[in-house]
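Participant: when you get a sec, could you give me coordinates for this:
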Amino acid sequence: MQTLLQAAAFVPASIPSPDWSGFDIPLPWGTLRIHAYALCILAGIIVGLWLTSVRWARRGAPEGSVWDIVIWAIPFGIIGGRLYHVVSSPDAYFGPGFDGTGDLWLIPQIQRGGLGIWGAVVLGVLGAWIGCRRAGVKLTAFL
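Facilitator: Numbering: from 1, shown residues only. From the prediction side, this is the model:
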């Protein structure tokens, strides 16, 4: 038991983040910073969309209906994720104790980071529901 505790002392308490967080693309009016986490989110959206399209087609669903649904779900999910972050970390946006010293112009600036998964899930499902209604598909069948 003692050797197990000694070995545990050498295990890091958390997974360290890499030094690299993204890269810059020079543009005539400035630079566009591409963050690694944004690439991961985009890759997840693409793989999820591809997998959903394949599974949806196997179930005999109308072709293209996945696109009709995700065109609503993805933007709603991004907005929901941002709103959850703003509500759960309000000091930067509204000031400590909502004293008015925050900067409301930071709220739409998602390139600065800050998306909350629970807000993305809740509003993403709401967006999927809207897309399903417009496509004539039951949400429960889509999920």
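
Participant: from here on, contacts and neighbour counts on C-alpha atoms
Facilitator: Fine.

Participant: tell me the SS of residue 44?
Facilitator: Recorded secondary structure, residue 44: helix (DSSP: H, G, I helix; E, B strand; the rest coil).

Participant: distance-wise, check it relative to residue 143.
Facilitator: From residue 44 over to residue 143 the distance is 17 Å, taken as Cα to Cα, to the nearest Å.

Participant: next one: residue 133
Facilitator: Relative to residue 143, residue 133 is positioned 13 Å away (Cα to Cα).

Participant: for the protein, just list every one of the helices.
Facilitator: The residue ranges that make up the helices of the chain, judged by DSSP state H, are 2-8, 36-58, 65-88, 91-94, 117-135, 139-142.

Participant: ok, and the helix or strand in this protein with the lowest average confidence?
Facilitator: Among the secondary structure pieces of the chain, namely its helices and strands, helix 2-8 has the lowest mean (mean pLDDT, DSSP states H and E), a mean of 66.

Participant: okay, now the unreliable bits of the chain?
Facilitator: When the per-residue scores of the chain are filtered using pLDDT under 70, the ranges that remain are 1-2, 4-14, 17.

Participant: rewinding a little: ok, residue 133 and residue 143, which is more surrounded?
Facilitator: Neighbour comparison, residue 133 and residue 143: the larger count goes to residue 133, with 14 against 9 (by other Cα atoms under 10 Å).
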